[in-house]
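**Student:** The following block contains a protein sequence and its predicted model.
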Amino acid sequence: MITADEITVRYGRSPALDRVSLAVADGAMTGLVGPNGSGKSSFLRALLGAVDRAGGKAFADGDELSVLSARQRALRLAAVAQSEDSGNPLTVAESVLLGRSVHRRGWEPYRAEDRAAAAEAMRATGVDGLADKAFTALSGGERQRALIARALAQRSTHLLLDEPTNHLDVRFQHEVLELVRGLPLCTVVVLHDLNLAARYCDEVVLLDRGRVTAAGKPDHVLTPPVLEPVYRIGVRRFTVDGAPHLAFSPRGVR
Ligand SMILES: Nc1ncnc2c1ncn2[C@@H]1O[C@H](COP(=O)(O)OP(=O)(O)OP(=O)(O)O)[C@@H](O)[C@H]1O
């Protein structure tokens with residue numbers, strides 16, 4: 001379980017996140033949505049300890065994240081950031097195996113179970129056919145799937161994904177989220193595509209200018225009256241396959 005309690009992040013004087021609280025249950029997937037610059041990535045960075053918090057606390061399974069060592073934190077949280085280093089000189093298989101580093105002590109060689117976990121993660125994300133290809137030679141979508149494979153190979157109990165569907169074609173967008181939703185993990189996923197959030201997330205948290213504007217089931221959060229003032233665009237809502245489906249109209253803003 002992830003619990004964030006009034007997290008505040010500042011870059012300089014202005015707060016990028018202002019007392020943001022949320023809870024994600026085991027096995028559940030929470031979507032973090034909101035306009036550009038609303039603080040979504042900053043929230044993930046605050047959980048990961050990649051930015052200093054100006055206030056608040058964050059817990060994974062009851063343990064305060066800021067007091068854990070980097071290794072202890074990595075055993076709990078696996079992450080895929082928005083843009084990851086593209087200068088990686090490794091093959092896909094080697095890159096995915098890096099997710100197992102946290103399970104090794106010092107310079108110990110990888111064990112059979114590390115290779116098995118990496119192979120399973122590559123199969124699950126459909127990059128097993130690319131195992132020997134250089135990471136730098138991958139397309140944007142292939143690279144994204146390899147990064148997700150690396151995070152899955154880590155076998156942490158919680159997963160943080162920053163726009164994991166970026167660069168993915170429509171089929172893989174759905175496949176990746178279907179896959180992630182089916183994992184018995186506690187997942188926070190930043191999504192720009194509100195229709196993907198509606199379909200795959202158990203809960204949605206809407207951020208606006210660093211604050212939580214709405215939170216709850218997609219059905220309750222992803223409504224025209226909630227979304228229109230935040231995104232300042234007209235929103236119409238339909239139902240497709242039992243999930244809310246939104247259409248946007250720049251001229252329709254109320
Ligand atoms: N390293 C930084 N230094 C200064 N300001 C920053 C830094 N990183 C983010 N910000 C600012 O903090 C605010 C929140 O940024 P953040 O990247 O968390 O938003 P976001 O919701 O993830 O945006 P996007 O949807 O565009 O990725 C923005 O105003 C941004 O300009």
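**Tutor:** Okay, I see it. This one's a predicted model, so the numbers in the text were calculated from it and none came from an experiment.
**Student:** Which of the helices or strands spans residue 245?
**Tutor:** Residue 245 belongs to strand 243-249 when assigned by DSSP states H and E.
**Student:** Just the buried residues of that strand, please?
**Tutor:** Neighbour-count burial for strand 243-249 flags 243-244, 246 (criterion: 16 or more other CB atoms under 10 Å). The way it works is simple: take the backbone N, C-alpha and C, and place the C-beta from them, glycine included.
**Student:** just stretch 111-128 next, same as before
**Tutor:** 114, 117-122, 124-128.
**Student:** okay, those residues in a markdown table with secondary structure, distance to the ligand and pLDDT next?
**Tutor:** Below are those laid out as a markdown table (DSSP: H, G, I helix; E, B strand; the rest coil; distance: CB to the nearest ligand atom, whole Å; pLDDT from 0 to 100):
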| residue | secondary structure | distance to the ligand | pLDDT |
| --- | --- | --- | --- |
| 114 | helix | 32 | 95 |
| 117 | helix | 30 | 96 |
| 118 | helix | 29 | 97 |
| 119 | helix | 32 | 97 |
| 120 | helix | 30 | 95 |
| 121 | helix | 26 | 95 |
| 122 | helix | 28 | 96 |
| 124 | helix | 26 | 89 |
| 125 | coil | 23 | 89 |
| 126 | coil | 26 | 90 |
| 127 | coil | 25 | 94 |
| 128 | helix | 30 | 95 |
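**Student:** Pull the most distant pair out of these.
**Tutor:** Largest separation among the buried residues of stretch 111-128 by CB to CB: 114 and 126, giving 20.5 Å.
**Student:** pLDDT below threshold where in this protein?
**Tutor:** Scanning the chain for pLDDT under 70 picks out 83-87, 252-254.
**Student:** Show me what from it comes close to the ligand.
**Tutor:** By CB under 6 Å from any ligand atom, the residues of the chain that approach the ligand are 11, 16, 34, 36-42.
**Student:** Do you have the strands of the stretch 1-150 of the chain handy? List them.
**Tutor:** Taking DSSP state E, counting those that start in this stretch as the test, the strands found in the stretch 1-150 of the chain are 2-11, 14-24, 29-33, 55-60, 63-64, 77-80.
**Student:** Quick one: list the elements packing against the last one.
**Tutor:** Secondary-structure packing of strand 77-80 (3 or more CB pairs under 8 Å, 6 or more residues apart in numbering; DSSP states H and E): helix 40-48, helix 140-153, strand 158-162.
**Student:** The longest one packs against which elements?
**Tutor:** So the one you mean is helix 140-153. Applying 3+ CB pairs under 8 Å, 6+ apart, we find helix 140-153 packed against strand 77-80, helix 92-97, helix 112-124, strand 158-162, helix 170-182.
**Student:** do the first one as well
**Tutor:** The elements that helix 40-48 packs onto, with contact taken as 3+ CB pairs under 8 Å, 6+ apart, are strand 2-11, strand 14-24, strand 29-33, strand 55-60, strand 77-80, strand 158-162, strand 186-190.
**Student:** Now render those as JSON lines, adding distance to residue 95 and mean neighbour count.
**Tutor:** Converted to JSON lines, the helices and strands packed on helix 40-48 look like this (distance: least, CB to CB, whole Å; neighbours: other CB atoms under 10 Å):
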{"stretch": "strand 2-11", "distance to residue 95": "26", "mean neighbour count": "18"}
{"stretch": "strand 14-24", "distance to residue 95": "27", "mean neighbour count": "19"}
{"stretch": "strand 29-33", "distance to residue 95": "24", "mean neighbour count": "26"}
{"stretch": "strand 55-60", "distance to residue 95": "25", "mean neighbour count": "18"}
{"stretch": "strand 77-80", "distance to residue 95": "12", "mean neighbour count": "23"}
{"stretch": "strand 158-162", "distance to residue 95": "17", "mean neighbour count": "23"}
{"stretch": "strand 186-190", "distance to residue 95": "21", "mean neighbour count": "25"}
